[in-house]
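Chemist: Show me the folded form of this:
(4 chains)
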Number of protein chains: 2
Amino acid sequence: MTKGLPMPARRASAKDDGRQAGLLTPVNDRRISALIVDQVRTLIHEGKLSSGDRLPPEREMCERFGVSRVTVREALRVLEASGLVEIRVGAHGGAFVTKPTSDRVGASIVDLLTLSSVTATEVTAVRMVLEVGIIPLLCESVDDEDIAELNAICDRQEAALDSGDYHVSLSAEFHTRLAAATHNTAFEMLIQSFHGPLLMSLAKAKSTAPEMGRRGLEEHRAIVEAVRTGDVATGERIMREHLSRTADRLCLDEEPARKA
Amino acid sequence: MTKGLPMPARRASAKDDGRQAGLLTPVNDRRISALIVDQVRTLIHEGKLSSGDRLPPEREMCERFGVSRVTVREALRVLEASGLVEIRVGAHGGAFVTKPTSDRVGASIVDLLTLSSVTATEVTAVRMVLEVGIIPLLCESVDDEDIAELNAICDRQEAALDSGDYHVSLSAEFHTRLAAATHNTAFEMLIQSFHGPLLMSLAKAKSTAPEMGRRGLEEHRAIVEAVRTGDVATGERIMREHLSRTADRLCLDEEPARKA
DNA sequence: CAGGGATCATTGGTCATACCCTAATCCGGT
DNA sequence: ACCGGATTAGGGTATGACCAATGATCCCTG
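Modeler: Next up, the predicted model:
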């Protein structure tokens, strides 16, 4: 069956097909694995495939598309790299549509940021705008559950501080959860994404400022309180200070390299 | 040379090697292509490979890594999907390290946003925070060149309006250029990214509001003026109104589907 | 001598087949 | 009832071959 059918996108031998659809598919059909990718991606976007669904086994896809396994596999690689599917090996494994985790965007953003000669200082500026900017929204949208969870995180931070094994990731958790309280996924993903890359540059800075965790915690609590009571001004002010301190610590060891 | 050495990650045939390095490489070496990807990515991050550089031909990489061509090609696919390299065919083609274009992050963000059941309304909220949030920064950072270019864009918009072939992309251009005036690449990328997805949902809305372009233009000009004179309050106000109108137009045909 | 078309070499794109390895499941023995 | 090997589904990799695209080169012609 594999060789039998001509298959839709067979590489457009000069002028047989692939020109008919001209305007409909503006994409040049160079590389048929890309076509498979588009097809799957479309299915996902249209919701015909959703989180957890499993794509057919590679060998079966080969037949369905009338292409070789390499081609299918290349398509899977890019789908995987795009964070759309996750491949599991072993019996009953295969390609599963992933639930869109913000880590994905994060990784991608980190990747691009580190390549784009974007300095940590610049990232901090973005965080400043984002995290301060959501305060007004938060004052409107937080519910009891949000407050409870935020407090819980603060408690865990406090415990960690007491036991001495505090880590920046706890702060990251707070900020992410705070963003989630906007009940706007986009904010959550963004803020989480931008918090991630900082962890790197922050890791060592943190160790040089062991005491600062305590103050950060106080600020976290203050922010929760401000948001809970709807005190926009205070919330914004504290968040701004909170982030500024982070920014200051970064300015010290900012890279002089890169950046024309 | 190719066959001579045992090769680092050969899949550990039972017990010959790959166990030696045990503790040294805690990472599970599942999938060789991933190792290649990491290696290249690291080289790029370290600056040992930079924009425009060409990677060796596939066949040569096979020898260098001691793996088959499929493996190398899979690695290239994911590097390509990650936006790190661009593949060109034909003689003297190959994998070229791409210059980090913000479109890349954009595409990635768009991808994740559209997958994450993020509504256009939510995206608009983010834009609101971002674009209003940069106004204070802009008032500090704009230079004459920025102003000149922004005015030029406004002029082009006006011309387009007069001749009747105005399109939303012109508005997008304005907002993107405005973001660029922060001289913070991160902002530029973000705002551009978030403007993109809106074009889709906006395309038809725009056609139903043909007259609105004129008013948008006025607001654009007012924003430029406010930023130029450092009038933060006015700038923020106008931008807020400007975006609000966009938001209003969206609420009409917002999708009721998705989103639990 | 100059220009233009045919040729060639380089390099990615695809295919087919074969084999290995992993992991979930099944089944029989204890 | 439980444990452990056999089974099996399905991904990972290797080979080797051939096609297609494209830039460079070379030769032929005007």
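Chemist: so where is the stretch 1-150 of chain A shaky, pLDDT-wise?
Modeler: Along the stretch 1-150 of chain A, the parts satisfying pLDDT under 70 run over A:1-29, A:100-117.
Chemist: List, one by one, the residues from it near DNA strand D.
Modeler: By CB under 7 Å from any atom of the strand, the residues of the stretch 1-150 of chain A that approach DNA strand D are A:11-13, A:57-59, A:69-70, A:73, A:76, A:87-95. Yep, even glycine has a C-beta here, placed from its N, CA and C like the rest.
Chemist: switch the cut-off to 6 Å
Modeler: A:11, A:13, A:57-59, A:73, A:87, A:89-95 (CB under 6 Å from any atom of the strand).
Chemist: looking at these, which has the most residues close by?
Modeler: Using other CB atoms under 10 Å in any protein chain shown as the neighbour criterion, residue A:95 leads these with 23 neighbours.
Chemist: before we move on, back to that, and of the residues of the stretch 1-150 of chain A next to DNA strand D, the nearest to DNA strand C?
Modeler: Nearest to DNA strand C, judged by CB to the nearest atom of the strand, of those is residue A:90 at 1.9 Å.
Chemist: I'd like to know how far the closest residue to residue A:70 other than its chain neighbours sits from residue A:76.
Modeler: The shortest distance from residue A:70 to any non-neighbouring residue, by CB to CB, 6 or more residues apart in numbering or on different chains, is to residue B:70 (5.8 Å). In this structure, residue B:70 and residue A:76 are 13 Å apart, going by CB to CB, to the nearest Å.
Chemist: ok, the two, which is more surrounded?
Modeler: residue A:76 (24 against 16).
Chemist: how far out from the middle of the chain is the helix or strand hosting residue A:42?
Modeler: Per DSSP states H and E: residue A:42 is located in helix A:32-45. Offset of helix A:32-45 from its chain centre (CA atoms, centre = their mean, to the nearest Å): 21 Å.
Chemist: quick one on the thing from earlier: so the residue nearest to residue A:70: helix, strand or coil?
Modeler: Reducing the assignment at residue B:70 to three states with DSSP: H, G, I helix; E, B strand; the rest coil gives helix.
Chemist: What lies in contact with stretch A:87-101?
Modeler: With contact meaning CB atoms under 8 Å, 6 or more residues apart in numbering or on different chains, stretch A:87-101 is reached by A:44, A:49-58, A:76, A:79-80, A:83-86, A:104, B:30, B:112, B:115-116.
Chemist: That stretch and DNA strand C in contact?
Modeler: Yes: remark: stretch A:87-101 sits within contact range of DNA strand C at A:89, A:90, A:91, A:92, by CB under 6 Å from any atom of the strand.
Chemist: Just give me the closest of these to residue B:158.
Modeler: Nearest to residue B:158 among those: residue A:89, at 59.2 Å, using CB to CB.
Chemist: and that closest one, how far is that from residue A:58?
Modeler: Look at residue A:89 and residue A:58: by CB to CB, they are 11 Å apart.
Chemist: Could you do residue A:30 as well?
Modeler: Residue A:30 sits 22 Å away from residue A:58, going by CB to CB.
Chemist: same question, residue A:221
Modeler: As judged by CB to CB, residue A:221 and residue A:58 stand 52 Å apart.
Chemist: mind listing the strands for chain A?
Modeler: Using DSSP state E, the strands of chain A run over A:85-88, A:94-97.
Chemist: Pull out the buried positions in the first one.
Modeler: If you call a residue buried by 16 or more other CB atoms under 10 Å in any protein chain shown, then strand A:85-88 has these buried ones: A:85, A:87.
Chemist: And stretch A:219-229, by the same measure?
Modeler: Buried, per 16+ other CB under 10 Å, within stretch A:219-229: A:219, A:220, A:221, A:222, A:223, A:224, A:225, A:226, A:227, A:228.
Chemist: which residues sit against it?
Modeler: Under the criterion CB under 8 Å, 6+ apart, residues A:135, A:138-139, A:142, A:147, A:150-151, A:153-154, A:157, A:171, A:174, A:178, A:181, A:231-232, A:234-235, A:238-239, A:241-242 lie in contact with stretch A:219-229.
Chemist: Narrow those to those in helices?
Modeler: Judged by DSSP state H, the subset of the contacts of stretch A:219-229 located in helices is A:135, A:138-139, A:147, A:150-151, A:153-154, A:157, A:171, A:174, A:178, A:232, A:234-235, A:238-239, A:241-242.
Chemist: do stretch A:32-40 and chain B meet?
Modeler: Yes: against chain B, stretch A:32-40 shows contacts by CB under 8 Å from any CB of the partner chain at residue A:33.
Chemist: can you tell if that stretch touches DNA strand C?
Modeler: Yes: against DNA strand C, stretch A:32-40 shows contacts by CB under 6 Å from any atom of the strand at A:32, A:33.
Chemist: send the alpha carbons of that stretch over as PDB?
Modeler: Extracted in PDB, the C-alpha atoms of stretch A:32-40 (Å, rounded to 0.1, in the frame of the first residue of the first chain):
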ATOM      1  CA  ILE A  32       7.100  16.800   3.400                       C
ATOM      2  CA  SER A  33       7.700  16.300   7.000                       C
ATOM      3  CA  ALA A  34       6.700  19.900   7.400                       C
ATOM      4  CA  LEU A  35       3.400  19.100   5.800                       C
ATOM      5  CA  ILE A  36       2.800  16.400   8.400                       C
ATOM      6  CA  VAL A  37       3.800  18.800  11.100                       C
ATOM      7  CA  ASP A  38       1.300  21.300   9.800                       C
ATOM      8  CA  GLN A  39      -1.400  18.800   9.600                       C
ATOM      9  CA  VAL A  40      -1.000  17.600  13.100                       C
END
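Chemist: What are the buried residues along it?
Modeler: A:32, A:33, A:34, A:35, A:36, A:37, A:40.
Chemist: Check stretch A:122-142 too.
Modeler: Buried-residue list, stretch A:122-142, by 16+ other CB under 10 Å: A:122-139, A:142.
Chemist: How far off centre is stretch A:125-143?
Modeler: Distance of stretch A:125-143 from its chain centroid, counting by CA atoms, centre = their mean, is 18 Å.
Chemist: do the same with stretch A:223-231
Modeler: Centroid displacement of stretch A:223-231 relative to its chain, using CA atoms, centre = their mean, is 27 Å.
Chemist: mean confidence score for that stretch?
Modeler: Averaging pLDDT along stretch A:223-231 gives 95.
Chemist: So how do I select the buried members of the contacts of stretch A:219-229 in ChimeraX?
Modeler: Here is the ChimeraX command that selects the buried residues among those (16+ other CB under 10 Å):
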select /A:135,138,139,142,150,153,154,157,171,174,178,181,231,232,234,235,238,239,242
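Chemist: Next, the buried residues of stretch A:161-172.
Modeler: For stretch A:161-172, the neighbour count (16+ other CB under 10 Å) marks A:161, A:166, A:168, A:170, A:171, A:172 as buried.
Chemist: can you check stretch A:55-73 too?
Modeler: A:55, A:58, A:61, A:62, A:65, A:66, A:67, A:71, A:72, A:73.
Chemist: show me the contacts for the residue nearest to the second one when sequence neighbours are not counted.
Modeler: The shortest distance from residue A:58 to any residue other than its chain neighbours is 5.1 Å, reached at residue A:72 (CB to CB, 6+ apart). Residues counted as contacts of residue A:72 (CB under 8 Å, 6+ apart) are A:33, A:36, A:58, A:61, A:62, A:65.
Chemist: how does it look with 10 Å?
Modeler: Residue A:72 makes contact with A:32-33, A:36, A:55-65, A:95 under the criterion CB atoms under 10 Å, 6 or more residues apart in numbering or on different chains.
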